[in-house]
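Undergrad: No letters, just coordinates:
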């Protein structure tokens, strides 16, 4: 019986790693890779796209749209935010632009 418990624990650990973030995910990460002189600037702009039921999608999450929404002429840095619920049943991807 002890060996069965060990196998069950290993299987549960495997599936928890495999399915992490599937029920709810809200993360933000940088779009760039050059961080040694990153300046964010004085303005911030955001642009998003959405998806529902894996069938319908709309929006413009481009860097240009984010900059325009924030009145940014020079982009210094950009991030992306991802929000997802229930294996992507609803998801939103947002680009955040920083600049002047």
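TA: Nice, I can see it. Treat the numbers as computed from the prediction; the structure is a model and nothing was measured.

Undergrad: you'd agree residue 65 is in a helix?
TA: Yes - the assignment for residue 65 by DSSP: H, G, I helix; E, B strand; the rest coil puts it in a helix.

Undergrad: pretty sure residue 92 contacts residue 46?
TA: No - using Cβ atoms under 8 Å, residue 92 makes no contact with residue 46, being 10.8 Å away. Every residue, glycine included, has its C-beta placed from N, CA and C.

Undergrad: Could you look up the SS state of the residue nearest to the spatial centre of the chain?
TA: Residue closest to the mean C-alpha point of the chain, counted by Cα atoms, centre = their mean, is residue 82 at 2.2 Å. Secondary structure, three-state DSSP: residue 82 is strand.

Undergrad: so who does it touch?
TA: Shown in contact with residue 82 (Cβ atoms under 8 Å, 6 or more residues apart in numbering): 25, 26, 27, 28, 91, 92, 93, 94.

Undergrad: In TSV: the residues you listed, plus neighbour count, pLDDT and distance to residue 72.
TA: Listed next are those as TSV, based on neighbours: other Cβ atoms under 10 Å; pLDDT from 0 to 100; distance: Cβ to Cβ, whole Å:
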residue	neighbour count	pLDDT	distance to residue 72
25	14	84	27
26	11	84	24
27	10	84	23
28	11	86	18
91	18	92	25
92	17	94	21
93	17	93	19
94	18	94	15
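
Undergrad: from those residues, which two are the most distant?
TA: 28 and 91 (14.3 Å; Cβ to Cβ).
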